[in-house]
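# Show me the folded form of this:
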Amino acid sequence: MSCFHWAAVTSVTVHYTTPGGVIKPSIMVMEISGAALTGVEDASVNNKSGTLTTTNAGDILIFVTDTSGNETGWTAGAGYAIPNNLLKTGASGSNIRMAMQYKVVSTVQSNVTTSTAYAGSNWNGNIFAAFK
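The predicted structure is shown next:
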């Protein structure tokens, strides 16, 4: 079983480039200590491809959603937590257009789904991934 630790980040630099243009780019950075150093991704799906099945016990499952408009509060799926990033005052600490939730599991997962709820009716895009 993996042991994940949340540590304070003192400095992060992220660069994003695209050959085309984007209207509302979004980047979310999360630092995890105790994760695998190679072969990190165990499995992933996006909002169109269904359920997540892992091959590794002890993964961290991370679900990220990005909405088309501002939201006032996010609710994590059952068993998941939304870390507070102290960026926005409200029901959670997630950004007004993005939220990330996570759960550490101790067994291999099969056909797992999750979701996050928010107050508005904006469309969203999601990615759900498992990391060793």
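
# Which parts of the protein are strands?
Counting by DSSP state E, the segments of the chain that form strands are 41-46, 60-67, 74-75, 98-104, 117-118, 124-131.

# Could you name the helices and strands sitting against the third one?
Spelled out, that is strand 74-75. Helices and strands touching strand 74-75, by 3 or more C-beta pairs under 8 Å, 6 or more residues apart in numbering; DSSP states H and E, are strand 117-118. Every C-beta, even on glycine, is put in place using the N, C-alpha and C of the backbone.

# ok, now the second one?
Applying 3+ C-beta pairs under 8 Å, 6+ apart, one finds that strand 60-67 makes contact with strand 98-104, strand 124-131.

# List the buried residues for the longest one?
The reference is to strand 124-131. Across strand 124-131, burial judged by 16 or more other C-beta atoms under 10 Å covers 124, 126, 128, 129, 130, 131.

# export those residues to JSON lines and tack on pLDDT?
Below are those laid out as JSON lines (pLDDT from 0 to 100):
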{"residue": "124", "pLDDT": "86"}
{"residue": "126", "pLDDT": "88"}
{"residue": "128", "pLDDT": "92"}
{"residue": "129", "pLDDT": "92"}
{"residue": "130", "pLDDT": "93"}
{"residue": "131", "pLDDT": "92"}
